[in-house]
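> Whatever this is, show me its structure:
(chains A and B)
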There are 2 protein chains.
Amino acid sequence: MRALSSTEVSSLSVLSIACVAVLVNAWRSDGEPLFASLAISGLAFAFSYALIPWTGDVFIRRGYKGKDLSKKNPIELPEAMGLLSALVYLLAIVNFLPFAFKRDIAAATFAPNDKDRIIEAAEIENGRFLHRFPLEKLASYGFAYGTLATVTILGILDDSFDMRWRHKFFIPAFAALPMLGLYFVDFGVTHVVVPLPLRPYLGDLVDLGGFYYLYMAAISIFCPNCINILAGVNGIEVGQSLVIAFLLLLNDALYLSPKLHQPHPAAESHLFSVYLLLPFIGVSLALLQHNWFPAKVFVGDTYCYFAGMVFAVVGILGHFSKTLLLLFIPQIFNFCYSAPQLFKIVPCPRHRLPRFNARTGLMEPSVATFDEDKPLRPIVGEALKVLGKLHLMKVETDGKGRVTEASNFTILNLWLVWRGPLREDRLATEILVMQTLCGLAGLWIRHSLALLLFTADNRF
Amino acid sequence: MRALSSTEVSSLSVLSIACVAVLVNAWRSDGEPLFASLAISGLAFAFSYALIPWTGDVFIRRGYKGKDLSKKNPIELPEAMGLLSALVYLLAIVNFLPFAFKRDIAAATFAPNDKDRIIEAAEIENGRFLHRFPLEKLASYGFAYGTLATVTILGILDDSFDMRWRHKFFIPAFAALPMLGLYFVDFGVTHVVVPLPLRPYLGDLVDLGGFYYLYMAAISIFCPNCINILAGVNGIEVGQSLVIAFLLLLNDALYLSPKLHQPHPAAESHLFSVYLLLPFIGVSLALLQHNWFPAKVFVGDTYCYFAGMVFAVVGILGHFSKTLLLLFIPQIFNFCYSAPQLFKIVPCPRHRLPRFNARTGLMEPSVATFDEDKPLRPIVGEALKVLGKLHLMKVETDGKGRVTEASNFTILNLWLVWRGPLREDRLATEILVMQTLCGLAGLWIRHSLALLLFTADNRF
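This is a model prediction of the structure:
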């Protein structure tokens, strides 16, 4: 693959030097976790950015490669490069550890009769909350790391062995086990707050017991898989993950804002979330540079699983998994919309990504055709015609009114049905803008409308 | 690959049912971590035992395969199957978690004014120590998991991408980072006890500071690599790992013996070690069944790294890394003995495993030849002749007294020089017996002779 240009080399060098300087400074003072996390994320960005072109050839040689079918002259591109992002992320998370806990270590090693130091300890207790890292989160940190390392292993296996869909689907559940085990041991909170209208029947809290673990397992299965399903256009896997990450950061900021009475009870969970998300944003931005239209690398299932699991970890260990789901509205829609094809109610072609029209250079909706060999059941055909009338699908019928083809059941194809042919990067951009708007609406619902269902927004 | 025989299926089923019964029982009482760990290790054995033949073909198809050159009719065998052991191990470790901490969870959720329960809590505090799992080890548990998952990722990458030796060597250091990070945050103890003869000069304790981290990193690099180097004969990688694991268990038992005043201060660290080692023994025994002469699968670098890292984790987080090294005597010897070839002081052929003599069916020492093209430096030649005279090597000279060939510099070849040609399984057995004897001697030194150097064996 190509070498880095001299502009890239110098920009990355400047960035790295600046980040190292911030880190050294953070270490000399009391750790300053927030600055340290930002600096480490900057280094993670620079390192992944450089590592991807350096190692692309090795991936191709070992058979991790594929052709980009949405280009006029498709060449072989390295596949599964998201693995590098995952590895750099894990490295970043570990190197953040000493900064995260430096203050607490200092506090823990005080001589008990040293007056100045006790004052300092009190200061630590009530000091700048943004710079504190919750020491009781140490175990969470370890298990979060374990979960993300496991999902990376399973992602590599998936990318290597081309697993079957029905096996792949449950991969994230296996990876989530460390996290669920920790939840069991460390929190064990399986009560949920009951919405106001149901309280007369259920009381204020309901203990879901074992079902709560099933719910968390479902979140862990859902987040990675739904990112994996909303794919097929350059940059869309990384792009949607970045949008979710930024929205989660925004949500965290709402709890950490100095305008609230601090320390807010949920502040620690949201700090934990910030410190897990910043390096994720670093490595993902670097990957996006290489994966955005026209893509020079593919990200692979590894990245999708890894990204989805970062969100699941943050949501579950941070105790805001319901809020998390509000940021997955387009993915949830895409999953439901895809269901008829995923569950084989409607014939599903091997690939469902939008079709590239080589003449115009634009993307068009790809279609599934239903010929004599594999006809639709009449009731399904009627349903498709209704969807067609509602502009939720493009449907073609023959003379007898039988459905002969329909656009494939993905949000990307639906968008093209609505908007007409688009260039690949335009399509990706529009989807990401739509996703951002949905996410902002989700957060607004969470923090405003939820007051109608619950007595208090736990932000206050 | 072959299916499981009906005897195997019925034995594995009986074992699994018995283990599940023990687990259910353990759960109904107070978790009983020791029994639960044994039962989970039994299940891990059964699962790995079955999984290896089931998935062998998939590995071969994806290119993870190799020929066993020490057989008369070499066929292709699946390579890197140790990956399965590592995955089952990680699964076992996670599933042990709820059992490990059940008592503590029960204790933590007591109502403070419930008298009976307070008594029960006291009982837990002073109860059967063997069944207690240290709650403050939760973070250790998470980071141990993270370290082992990371070394598995890197093992897969090594087995997939055929990394260069100089890169491979440092793989374990990267994987050890989570553990070192935890050590930094959670213990931070970098003092070592000074041996008696040196105390007048250094004092009782010396703070090694940053050097202690380098020392731990060195342990993490050394353990995995030296298992990887002592390889090349069916069953030797897994066999030596099992010997070390059993010796470590023996060492743990010395601290946990009811004859000592309990709870011993180091008991918790050694319980942690037991709970990490039992499932390791389970998955390794299963792998050994398939890898022992005549091997049906190869274990791959993944297994060697993974096994070595289990020992490094146990030794470092259990604070007995020096004792650990005493169990690595044959590996340390092999590493030093190999050094001239590893560091290219003496020409090193591509493969150094013992040579198979197809006529006799026995293994003989393989040799490195030094012809006119790549002659030895005279001083090195003289050194080899001395080693030859000491029976530490087989050396051939030409008429002029110049060394023309020497047996390769591994402990396996040296053993064959001493013992004459041996069948492959005989060679492996003898090495393992020798290793066991060395290890027992090491433990004896640790617990008896050490009293001459230190004021007290910390066992008492």
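> Quick one: the strands in the stretch 301-450 of chain A, in order.
Using DSSP state E, counting those that start in this stretch, the strands of the stretch 301-450 of chain A run over A:355-357, A:362-364, A:367-369, A:395-397, A:403-407.
> Going by neighbour count, list what's buried in the fourth one.
Residues of strand A:395-397 classed as buried: A:V395 (neighbour count, 16 or more other CB atoms under 10 Å in any protein chain shown). In this view, the C-beta of every residue, glycine as well, is placed from N, C-alpha and C.
> low-confidence ranges in chain A?
The model of chain A has pLDDT under 70 over residues A:1-2, A:31, A:103-136, A:187-188, A:260-263, A:450-460.
> That one against chain B: which residues are in contact?
Chain A comes close to chain B at residues A:58, A:62-63, A:87, A:90-91, A:94-95, A:97-98, A:100-101, A:104-105, A:109, A:138-143, A:145-146, A:149-150, A:152-153, A:156-157, A:160-161, A:174, A:177-178, A:181-182, A:184-186, A:188, as judged by CB under 8 Å from any CB of the partner chain.
> Distance to A:G232 added to the strands of the stretch 301-450 of chain A, as TSV?
Converted to TSV, the strands of the stretch 301-450 of chain A look like this (distance: least, CB to CB, whole Å):
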stretch	distance to A:G232
strand A:355-357	11
strand A:362-364	10
strand A:367-369	14
strand A:395-397	21
strand A:403-407	13
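> returning to what we had before: taking the residues of chain A next to chain B, please make a ChimeraX selection of just the buried ones.
This is how ChimeraX selects the buried members of the residues of chain A next to chain B, with burial counted by 16+ other CB under 10 Å:
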select /A:58,62,87,90,91,94,95,97,98,100,101,104,138,139,140,141,142,143,145,146,149,150,152,153,156,157,160,174,177,178,181,182,184,185,186
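> From the residues of chain A next to chain B, which land in helices?
A:58, A:87, A:90-91, A:94-95, A:97-98, A:100-101, A:104-105, A:138-143, A:145-146, A:149-150, A:152-153, A:156-157, A:160-161, A:174, A:177-178, A:181-182 (DSSP state H).
> Tell me what the nearest residue to A:S70 once chain neighbours are set aside is bridged to.
The shortest distance from A:S70 to any non-neighbouring residue, by CB to CB, 6 or more residues apart in numbering or on different chains, is to A:F356 (3.9 Å). Going by DSSP bridges, A:F356 is paired in beta bridges with A:M363.
> closest to B:E382 out of the strands of the stretch 301-450 of chain A?
Nearest of these to B:E382, taken as CB to CB: strand A:355-357 at 70.8 Å.
> on contacts alone, who are the packing partners of that closest one?
For strand A:355-357, the contact count by 3 or more CB pairs under 8 Å, 6 or more residues apart in numbering or on different chains; DSSP states H and E identifies strand A:362-364 as packing neighbours.
> what does the strand it packs on contact?
With CB atoms under 8 Å, 6 or more residues apart in numbering or on different chains as the test, strand A:362-364 has contacts from A:S70, A:V233, A:P354, A:R355, A:F356, A:N357, A:L416, A:P421, A:L422, A:R423, A:E424, A:L427.
> May I see the buried residues of that strand?
Across strand A:362-364, burial judged by 16+ other CB under 10 Å covers A:L362, A:M363, A:E364.
> How about chain A: which residue is closest to chain B?
At 2.5 Å from chain B, A:G142 is the closest residue in chain A, using CB to the nearest CB.
> contacting residues for the closest residue to that residue other than its chain neighbours?
Excluding the flanking residues, the one nearest A:G142 by CB to CB, 6+ apart is B:G142, at 2.5 Å. Residues near B:G142 by CB under 8 Å, 6+ apart: A:A139, A:S140, A:Y141, A:G142, A:F143, A:Y145, A:G146, A:P178, A:L182.
> hang on, the earlier thing: would you turn the contacts of strand A:362-364 into a markdown table with distance to A:V433 and neighbour count?
Compiled in a markdown table, those are given as follows (distance: CB to CB, whole Å; neighbours: other CB atoms under 10 Å in any protein chain shown):
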| residue | distance to A:V433 | neighbour count |
| --- | --- | --- |
| A:S70 | 20 | 24 |
| A:V233 | 14 | 21 |
| A:P354 | 17 | 25 |
| A:R355 | 23 | 20 |
| A:F356 | 22 | 19 |
| A:N357 | 23 | 12 |
| A:L416 | 15 | 23 |
| A:P421 | 18 | 16 |
| A:L422 | 13 | 20 |
| A:R423 | 15 | 14 |
| A:E424 | 15 | 23 |
| A:L427 | 11 | 24 |
